[in-house]
Structure formats: structure tokens, C-alpha cells
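[1] Turn this into a structure:
(one chain, ligands or ions: 2)
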Amino acid sequence: MDAKTCLRKMQLVGVLNVATVDENGAPQIRCISAVHYDENSFYFFTAKGKNVTKELLADGRVQILVYTKFKEMIRLSAKAYPVADERQKKCIDTIFEEQPYLANLYPDNKRYIGICFEIKDASIEYFNLGVNPIFRETYTVGNGMAEFKGYRITDKCIGCGKCLKFCPQNCIDKVELKPYTIRQNNCLHCGACFENCPIGAIIRL
Ligand code: SF4
Ligand code: SF4
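    Ligands and ions are numbered 1, 2, ... in the order given. Here you go, the predicted structure:
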């Protein structure tokens, strides 16, 4: 798996769940399917008067989530920026060509009440629940910064083995020279090891 394949999967799913933050810091989520992908970025269309536009212009942070029929979760975190004024018309026209249903909503020139936003720098979390053990990985797009989550076993580990008994994915490796290690690509982030380590040797990242 890689970032490009994740973007391709998002494109195939078609509908993106897009979450923003409003002026009170509350999460706001909606579905957006008016999307165009190119080599380096992707773009989405909405109307200028919608709250999502207000939130994107004020704050810009977005999380986008898709879930495939293969039980893959793809979550993209980024900032969205309005496409430059001189490129807005072309971007809107491209999205309307690819998504003909939009002409029902905004016929003829009424589409230009819309605005396109662009995402080019992002981090992507890929999480496949359809394989055993589960598989997760983090990627970046453009200059996006990867954010690592989950748990790590520190040098405090005394090798007692208790965490192994609680791990639902058997993704903790016993190593001759302690500390034990978590196979991060197979970890659910459930926290069972963290909660059951008798000496607090596991930290949350
Ligand atoms: S339970 Fe804690 S001390 Fe025991 S092996 Fe696991 S991490 Fe190490
Ligand atoms: S967080 Fe859960 S899945 Fe991950 S290593 Fe700990 S017990 Fe295993």
C-alpha cells in the first residue's frame, strides 16, 4: 500500500466523508462526491454560501474518511485551500464534466456560485480490518507531516510477558534482549497492553 493507492481507492469509493471544525470548535461532517483528482492534488466543489465553505476559509483543517468494501479505512488529514481565482472556473468545469449529476443541482452558469478547494499536502492513515492480523500504515502526500499514534514499549520493560496474553492481535514480539516490541503495522491501538503492564513500561504515543 502507498499514498497513491490510497488516493485511488478514495476515488473509487467516490463519496468522501469530510469533517471540518466550526467557530465553536465543534466537529462538522458531511459527504462530498464532487471531487477531482490529478497527479499531485485533489479538489472538491461546494457552494460559497454553505457552512463548510465558511469553516474551510476560517480554519481549513479537514479530515476525510472513506471505508471500502474490503474493510479498509482510509483517513486523510490536511488543510484545504481555495483554488486560485484564475483557476476556479476551470476547476469547477472539470468537476461538473466528471460528475454530470451536479448539473441537476446547479444548471448552466449557476455552477459558478460554487468554489473549489484543493488539498495537496496531507497525511494518510490506512487501516485494513479485513486481514489477519489487521494492517495499518501511515503515508504522506506532498509536504504532509505523518502523525504516529498507538503505543510503544520502553526500556523499562522487564520481559514478564503479561502484555502478550492480553494482545488481541498477537502483535507483541518477545525478544531475547528486552524490551518487547509492538509490531506497529499490526496493532489495533486498543490499549490492552498499556492497561495491563504491571510496571507502566508502555507509553501512549
Ligand atoms: S507487560 Fe510490560 S514489562 Fe511485561 S513484557 Fe509487557 S511491556 Fe514488558
Ligand atoms: S494496543 Fe492492543 S493490539 Fe496493540 S499491541 Fe497493545 S494490546 Fe496489542
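[2] residues touching Tyr67, list them.
    13, 73-74 (CB atoms under 8 Å, 6 or more residues apart in numbering). C-betas here are computed from N, CA, C, even on glycine.
[3] no wait, Val175
    Val175 sits in contact with Thr181, where contact means CB under 8 Å, 6+ apart.
[4] Give me the three-state assignment for it.
    Here Val175 is recorded as coil under DSSP: H, G, I helix; E, B strand; the rest coil.
[5] Need the pLDDT of it.
    With respect to pLDDT, Val175 scores 83.
[6] Could you tell me the phi and psi values at it?
    With angles defined as degrees, to the nearest 10, Val175 sits at phi -120, psi 150.
[7] With the one 5 residues further on instead?
    Recorded main-chain torsions at Tyr180 are phi -60, psi 160, according to degrees, to the nearest 10.
[8] Next secondary structure after the longest helix along the chain?
    The longest helix of the chain (DSSP state H) is helix 85-98. Past helix 85-98, further along toward the C-terminus, the next helix or strand under DSSP states H and E is helix 102-105.
[9] residue ranges for the helices of this protein, please.
    When assigned using DSSP H, the helices of the chain occupy the ranges 3-13, 51-58, 85-98, 102-105, 162-166, 192-196.
[10] that older thread, buried residues, the longest helix of the chain. List them.
    88, 91-92, 94-96 (16 or more other CB atoms under 10 Å).
[11] Now do the closest residue to Tyr112 other than its chain neighbours against ligand 1, distance only.
    In space, and not counting its chain neighbours, Tyr112 is closest to Ile92: 6.5 Å by CB to CB, 6 or more residues apart in numbering. Distance check for Ile92 against ligand 1: by CB to the nearest ligand atom, to the nearest Å, it reads 54 Å.
[12] mind listing what Ile92 touches?
    When contacts are counted by CB under 8 Å, 6+ apart, Ile92 touches 45, 111-112, 114, 116.
[13] on that earlier part again, so which of the helices of the chain is nearest ligand 2?
    Among these, helix 192-196 comes nearest to ligand 2, with 3.3 Å by CB to the nearest ligand atom.
[14] What mean pLDDT does that closest one get?
    For helix 192-196, mean pLDDT is 98.
[15] so Asn128 touches Asn186, yeah?
    No: taking contacts as CB atoms under 8 Å, Asn128 lies outside contact range of Asn186: 10.2 Å.
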